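**Student:** Return atomic coordinates for the entry below.
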Amino acid sequence: MRILLVSPAKDSSRKMPRYIVLPQLALQILAGLTPDEHQVTIVEEEIEGLDLDAGCDLVGITCMTANANRGYALAREFKARGKTVVMGGVHPTLLPDEALRHADSVVIGEAEGVWERLLADFGAGRLARTYHHPYPSLDRYLRVPRRKVLNRLFRVIPVMTTRGCPYNCEFCSVHGVFGDRIRHVPVENVARSIADAGRGLYMFLDDNISGDPVYARKLFEAI
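**Tutor:** Numbers count the residues shown, from 1 in each chain. Just a heads-up that it's a prediction; the model follows:
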């Protein structure tokens, strides 16, 4: 199966400067979860062109609110070309019914625990409208990263070591998307993914990387 994973630009007519653009972790995670028999192509539209007529069987689009309109437009364009489109990310998670007006299926929440099942369902012709596995274990997170797909485009490698937050601040989506407790990526997975990337610049995207001091100390010592 040929899978195209897309992170839409906010404005396709005016791209952001490359030095402030980070690759979407969601696309890396999906690539890492995809069985090896499938071919994965990742396109970061903020810094590279997107071929709407690219040969693929399945299109995955991740978006936040800032680029949701562009994501929906791309979904419609791909569907008009006969492609099956799956959407995910923060915005489709919080507004899945809205996203389903543009996509064939929506992943609500995190990809771990649903992505392989989604691919199997699609291959068998029984793709569901939504997929959701609340607060999955992060033991597999970045265990099989495909960072080489992205290294040619970015100078900074993003890393996330925890998800979830015990607080419920009214202005923040983390509690609603990732849950009310902190879950951890195994320290050895984080250390190995950094070593395997072979780069010198990293950005930790955790909402509160020291929220669990015991885990944080083990992490910092490992890296």
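**Student:** Report the helix or strand with the lowest average pLDDT across the protein.
**Tutor:** helix 148-151 (a mean of 49; mean pLDDT, DSSP states H and E).
**Student:** Looks like residue 138 contacts residue 179 (just checking).
**Tutor:** No. Using C-beta atoms under 8 Å, residue 138 is not in contact with residue 179, being 11.5 Å away. (Glycine included, C-beta is placed from N, CA and C.)
**Student:** ok, the two, which is more surrounded?
**Tutor:** When residue 138 and residue 179 are compared for neighbours, residue 138 comes out ahead with 20 against 17, by other C-beta atoms under 10 Å.
**Student:** Next, the more buried one: phi, psi?
**Tutor:** phi -100, psi 20 (degrees, to the nearest 10).
**Student:** which residues sit in contact with it?
**Tutor:** 112, 163, 183, 184, 185, 186 (C-beta atoms under 8 Å, 6 or more residues apart in numbering).
**Student:** if we can go back for a sec, what touches both of residue 138 and residue 179?
**Tutor:** residue 163.
**Student:** How far away from the center of its chain is the longest helix seen in the chain?
**Tutor:** Longest helix in the chain, counting residues (DSSP state H): helix 68-80. Its chain's C-alpha centre and that of helix 68-80 lie 17 Å apart, by C-alpha atoms, centre = their mean, to the nearest Å.
**Student:** Tell me which other helices or strands that helix touches.
**Tutor:** strand 58-62, strand 84-88, helix 90-94 (3 or more C-beta pairs under 8 Å, 6 or more residues apart in numbering; DSSP states H and E).
**Student:** Going by mean pLDDT, which of these comes out lowest?
**Tutor:** Confidence, taken as mean pLDDT, is least for helix 90-94 of the helices and strands packed on helix 68-80 (a mean of 94).
**Student:** Determine which stretch of the helices and strands packed on helix 68-80 is the most buried.
**Tutor:** strand 58-62 (a mean of 26; mean count of other C-beta atoms under 10 Å).
**Student:** what's the angle between it and strand 84-88?
**Tutor:** Strand 58-62 runs at 20 degrees relative to strand 84-88, counting by axes from the mean of the first three to the mean of the last three C-alpha atoms, to 10 degrees.
**Student:** Name every strand pairing with strand 58-62 and say which way it goes.
**Tutor:** strand 2-7 (parallel), strand 84-88 (parallel) (DSSP bridges).
**Student:** Please produce JSON lines containing those, extended by distance to residue 207.
**Tutor:** Shown next, in JSON lines, are these (distance: least, C-beta to C-beta, whole Å):
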{"stretch": "strand 2-7", "distance to residue 207": "20"}
{"stretch": "strand 84-88", "distance to residue 207": "19"}
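**Student:** Residues contacting stretch 114-128, please?
**Tutor:** Outside stretch 114-128, the residues touching it (C-beta under 8 Å, 6+ apart) are 1, 3, 30, 33-35, 38, 57-58, 84, 86, 104-105, 107, 131-133.
**Student:** if you set the cut-off to 6 Å instead, what comes out?
**Tutor:** By C-beta atoms under 6 Å, 6 or more residues apart in numbering, the residues outside stretch 114-128 that reach it are 30, 33, 58, 105, 107, 131, 133.
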